[in-house]
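> Sequence first, predicted coordinates after that:
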Amino acid sequence: MRRSVRDSLFTPDLTARLVQLADLDPADVVEDFGEAADLASVEVLITSWGCPPLERDVLDRAPRLRAVIHIAGSVKHHITEACWERGIAVSSGAEANAVPVAEFTLAAILFAHKRVWQIGNLYREHRTFLPWTDHFPAVGNYRRTVGIVGASLIGRRVLELLRPFDFDVLVTDPYLDEPEARSLGARLVDLDTLVAASDTVSLHAPSLPETHHMMDRGRLALLRDGATLINTARGALVDTDALTRELASGRIHAVLDVADPEPLPASSALYELPGVLLTPHIAGSIGGELERLTEHALAELARFAAGQPFARPVHHAQLARSA
């Protein structure tokens, strides 16, 4: 991992717990495997953001490596086919990282229906009360329809958080059946039906060839007037140019924590459009939330040291349909 990431992930207390579990120098951080002097004795790698790929030549230098514990979400960037061929066990903090993303999404849904940032902008501009319902006739959360695209770890967590509210919840996912959708508190529909019927559409699908620009010009046109698109997943799920045109018309709104490209160029109209809340990829673990990821990794390390299986293993077959 990058040294700056290590400094964010490991407080003194968490570092103390780490050295109780493993024989290592906590000050020794590998950013480039080519610079690592000795991997021959390594049994477990603790990785995070910035980890380079574990290619065959790296694995050849680490013959005792048996496990990788990732203190972040996706392992696609560094776990290679060679890792799976060698039977290396892999654990990820994806489920722990899903918690703040789902919390961010819930807040975005509630604020979107309440038109919080639009009304706040008008209040700042006029500095007096206005007839807000004249500006936003459909304002409010009661009996709104929320569409969740993707029953991923994050999507399922969002569905769980939505249960106490008076929403009609729709979900679409090619790997989900109707009984399971009902158990998640949602009604299973196809993507076009969901987009056309929802007041808010929240994206939680992985970035795959088949999901690239799933929200293209045609599908964005299906959004009902005044609807909000929320993207905390991957920027490539949305055709940015098509979305910018729709948002510039004022017909729809958006909460975008990710974009394509990322970061957006300084000239992008998305920075200025009043119907857009644009945030710099902060929905995932940040600040004090990083401790949850590290605590999860230490718990997995303790299980491994005790000869127990990981609580949150990553399986090779999962990667074909995960972020």
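Perfect, I can see it now.
> can you give me the strands for the protein?
Counting by DSSP state E, the chain has strands at residues 44-47, 67-70, 89-92, 145-149, 168-172, 187-188, 200-203, 228-231, 253-256, 276-278.
> want to throw those into TSV with mean neighbour count?
In short, each C-beta sits where N, CA and C put it, glycine included. Formatted as TSV, the strands of the chain follow (neighbours: other Cβ atoms under 10 Å):
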stretch	mean neighbour count
strand 44-47	23
strand 67-70	23
strand 89-92	24
strand 145-149	26
strand 168-172	21
strand 187-188	18
strand 200-203	27
strand 228-231	26
strand 253-256	24
strand 276-278	19
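> Nearest to residue 312, out of the ones you listed?
strand 89-92 (5.6 Å; Cβ to Cβ).
> so where's this protein shaky on pLDDT?
By pLDDT under 70, the low-scoring segments of the chain are 323.
> Tell me which residue lies farthest from the centre of it.
residue 128 (37.8 Å; Cα atoms, centre = their mean).
> top helix in this structure by residue count?
For the chain, the helix reaching the highest residue count under DSSP state H is reported as helix 94-114.
> Could you name the helices and strands sitting against it?
helix 153-162, strand 200-203, strand 228-231, strand 253-256, helix 290-305 (3 or more Cβ pairs under 8 Å, 6 or more residues apart in numbering; DSSP states H and E).
> Could you list every helix and strand that the second one packs against?
Using 3+ Cβ pairs under 8 Å, 6+ apart, the elements in contact with strand 200-203 are helix 94-114, strand 145-149, strand 228-231.
> How far off centre is the longest helix of the chain?
Helix 94-114 has its C-alpha centroid displaced from the chain centroid by 10 Å (Cα atoms, centre = their mean, to the nearest Å).
> what inclination does it have with respect to strand 145-149?
150 degrees (axes from the mean of the first three to the mean of the last three Cα atoms, to 10 degrees).
> between helix 94-114 and helix 290-305, how many degrees?
Going by the same axes, to 10 degrees, helix 94-114 is angled at 150 degrees with respect to helix 290-305.
> To residue 316, which of the helices and strands packed on strand 200-203 lies closest?
Using Cβ to Cβ, these put helix 94-114 closest to residue 316, at 14.9 Å.
> coming back round to it: got the strands of the chain as JSON lines, with distance to residue 221 columns?
Output for those, formatted as JSON lines (distance: least, Cβ to Cβ, whole Å):
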{"stretch": "strand 44-47", "distance to residue 221": "42"}
{"stretch": "strand 67-70", "distance to residue 221": "39"}
{"stretch": "strand 89-92", "distance to residue 221": "37"}
{"stretch": "strand 145-149", "distance to residue 221": "16"}
{"stretch": "strand 168-172", "distance to residue 221": "18"}
{"stretch": "strand 187-188", "distance to residue 221": "23"}
{"stretch": "strand 200-203", "distance to residue 221": "13"}
{"stretch": "strand 228-231", "distance to residue 221": "12"}
{"stretch": "strand 253-256", "distance to residue 221": "14"}
{"stretch": "strand 276-278", "distance to residue 221": "18"}
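> Figure out which of those is closest to residue 270.
Of all the strands of the chain, strand 276-278 comes closest under Cβ to Cβ, at 5.4 Å.
> which residues make contact with that closest one from outside it?
Contact with strand 276-278 is made by 108, 111, 117, 247, 253-256, 259, 264, 270-271, as judged by Cβ atoms under 8 Å, 6 or more residues apart in numbering.
> Any buried residues in the longest helix of the chain, and which?
94, 96-102, 104-106, 108-114 (16 or more other Cβ atoms under 10 Å).
> hmm, back to that, ok, now how distant is the residue farthest from the centre of the chain from residue 117?
Per Cβ to Cβ, to the nearest Å, residue 128 is found 18 Å from residue 117.
> try residue 2
On the measure of Cβ to Cβ, residue 2 and residue 117 end up 33 Å apart.
> Number of residues surrounding the residue lying closest to residue 213 once chain neighbours are set aside?
Excluding its sequence neighbours, the residue lying closest to residue 213 (Cβ to Cβ, 6 or more residues apart in numbering) is residue 239, at 4.5 Å. Counted with other Cβ atoms under 10 Å, the neighbours of residue 239 add up to 20.
> again with the one 5 residues further on
Residue 244 has 18 neighbouring residues, counting by other Cβ under 10 Å.
> Nice, that's everything, thank you.
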